[in-house]
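>>> this one's structure only:
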DNA sequence: AAACCAAGTTTCAAATAATGAGACTAGTTT
DNA sequence: AAACTAGTCTCATTATTTGAAACTTGGTTT
């Protein structure tokens, strides 16, 4: 969804990979076919190739395909080199201890929010279950603050790719409403999720920017309307700002990849 | 290393992806070129395509490439659907608590050991940093017990792909020595790492097999020669066997992908 | 400031690989 | 045993990849 297609054969093969992943369970060739735009033999060859390459795993007993182990290995490298996680970890820990609420670290990937790290209030870390998860950008705190600080061209592209599905009565459901909100966020320097994604769930979010203003990612503190309110969350703004600044400082040295290509095709 | 090449354009592109990941740090185009068999424009186009697709991330300030965020998202799905991790987690937790030593869960990927989960004695879980890591199969406990229970054809292919690099004075450095060891392991049903990979580090490992004998993965308990010895580790065999059996039972229901294709090219 | 150099990028005809309609096979149901 | 279904294979056509060479850009030296 929102992914650039038409990068030749490689792009098509990766599209198939995404489709398999999107099923969320092992999937049969036929199911994939009925859902795919590719003709049977073409899809078949892609699936074959990806399986040979370890990007898909094949279960011969059930004749099903699922995303392969090679991805886990590659993601390990991505995690280390292309995400804020290694640099941010100690600061996230400190933030989590200080606020005693759920903390998220996210980055943008193809117009979606990709959760990179998470600390559950109190509970021990239950990682991979959350890291790698994606969510909508237009109705989450982290998504909105990241979009707010993108350059105009990139922002337009990202906004255009939002689905504006209505999750709750507070969900912003048009590009115009979103643009207005992003403008507010730019003014304040931070943003909220006002039960826009899930009823009863609110959060305050802070962008992580380079000092040239490039978006690196975002942090958020999440709570529920039963425990606090927006004013209560706003009290966390100073510590969030501080944490973000620390992450920025360290990230500058290590230096991180950008979220746009020269080609303007990818976010 | 050990990966099947020659799956057309897609295979070549993924080879490039592996090369970038192998650098272990953001890498410039030129560095990649000097290390690659592809001619300049060909490599250039691959890198371009992969970047457009989010499989690589480009840092315009430093002009470097690193594995992209899309991999993190895809790996999340792989983790959930193609690994033993979700099923094994509670049992690994219990095992870790019971033995108070470092516990590993691993699977085979392309003749290498892929660590899927880990519990550090006492310390809090620090996930992704370990999950996705790869290691040699011929000189680790988990690697050897998995190889020992592969079917003959697959085992031959895997053994052939081992590097037999000598890490310590105890490293098995020939296919013959390894085959003898695997035979012993098959007899006992479990295996050890006798400081073969790192001096002072020893472990006892147990394969996780389906009841038809197919290899699903392996478990190990690791310690140091300063804290215990092989006889001490052997005491953990019953609980390891028990844990493996529990994981097998649950995995059967959920059912997992295999580690060989119909094509006999991929492990 | 001109010449040089290195790194990255683009071009385009030739070579190669991807494509997909259709045929085939194996397994299952009527 | 015929009809059906899901998966796999073939091969002429078509479209894409390929890479030598030329070009551009930014930085460094003379």
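On my side now, so go ahead. These figures come from a predicted structure and were not determined experimentally. Numbering: from 1, shown residues only, chains lettered A, B, ... in the order given.
>>> OK, contacts around the residue in the stretch 51-200 of chain A positioned nearest to DNA strand D?
Distances between the stretch 51-200 of chain A and DNA strand D by C-beta to the nearest atom of the strand are smallest at residue A:63, namely 5.0 Å. (Glycine included, C-beta is placed from N, CA and C.) For residue A:63, the contact set (C-beta atoms under 8 Å, 6 or more residues apart in numbering or on different chains) comprises A:28, A:29.
>>> list the buried ones in the longest helix belonging to chain A?
Longest among the helix segments of chain A by residue count, using DSSP state H, is helix A:237-254. By neighbour count on 16 or more other C-beta atoms under 10 Å in any protein chain shown, the buried set for helix A:237-254 is A:239, A:240, A:243, A:244, A:246, A:247, A:248, A:251.
>>> what helix or strand does the most far-flung residue of chain A relative to its centre sit in?
Using C-alpha atoms, centre = their mean, the residue of chain A lying farthest from its centre is residue A:61. It sits 34.2 Å away. Counting by DSSP states H and E, no helix or strand carries residue A:61.
>>> Same check on the one 5 residues further on?
Taking DSSP H and E as the criterion, the element that holds residue A:66 is strand A:64-67.
>>> helix/strand/coil for residue A:171?
Under DSSP: H, G, I helix; E, B strand; the rest coil, residue A:171 falls in the coil class.
>>> thinking again about what came up before, can you name every helix or strand that the longest helix of chain A contacts?
Counting contacts by 3 or more C-beta pairs under 8 Å, 6 or more residues apart in numbering or on different chains; DSSP states H and E, helix A:237-254 packs against helix A:85-99, strand A:201-209, strand A:215-224.
>>> hmm, back to that, which pLDDT does the model give the residue of the stretch 51-200 of chain A closest to DNA strand D?
pLDDT recorded at residue A:63 is 87.
>>> what does the one 10 residues further on give?
Among the per-residue scores, residue A:73 shows a pLDDT of 92.
>>> Residue A:164 - how many residues pack around it?
For residue A:164, the neighbour count with other C-beta atoms under 10 Å in any protein chain shown is 15.
>>> could you list every residue that touches it?
Contact analysis of residue A:164 by C-beta under 8 Å, 6+ apart lists A:138, A:171, A:172, A:173, A:174, A:175, A:178.
>>> if you set the cut-off to 10 Å instead, what comes out?
Residues counted as contacts of residue A:164 (C-beta atoms under 10 Å, 6 or more residues apart in numbering or on different chains) are A:136, A:138, A:139, A:171, A:172, A:173, A:174, A:175, A:177, A:178.
>>> so the third one sits right up against residue A:171, yeah?
Yes - with contact taken as C-beta atoms under 10 Å, residue A:139 and residue A:171 are classed as touching, separated by 5.1 Å.
>>> neighbour count winner among those two?
Taking neighbours as other C-beta under 10 Å, residue A:139 and residue A:171 compare with residue A:139 leading, 27 against 17.
>>> Next one: that one from residue A:118, what distance?
Residue A:139 sits 18 Å away from residue A:118, taking C-beta to C-beta, to the nearest Å as the criterion.
>>> Residue A:132 too?
Noted for residue A:132: a distance of 11 Å to residue A:118, by C-beta to C-beta.
>>> quick one: which of these two has more around it?
residue A:132 (26 against 21).
>>> ok, that one to residue B:68 distance?
13 Å.
>>> All the helices of the stretch 51-200 of chain A, in order from the start?
A:69-82, A:85-99, A:141-148, A:152-160, A:175-188 (DSSP state H, counting those that start in this stretch).
>>> the inter-axis angle of the first one versus helix B:69-82?
Angle of helix A:69-82 versus helix B:69-82, following axes from the mean of the first three to the mean of the last three C-alpha atoms, to 10 degrees, is 140 degrees.
>>> same deal with the fourth one?
With the same axes, to 10 degrees as the criterion, the two stretches helix A:152-160 and helix B:69-82 enclose an angle of 30 degrees.
>>> Lovely, talk soon.
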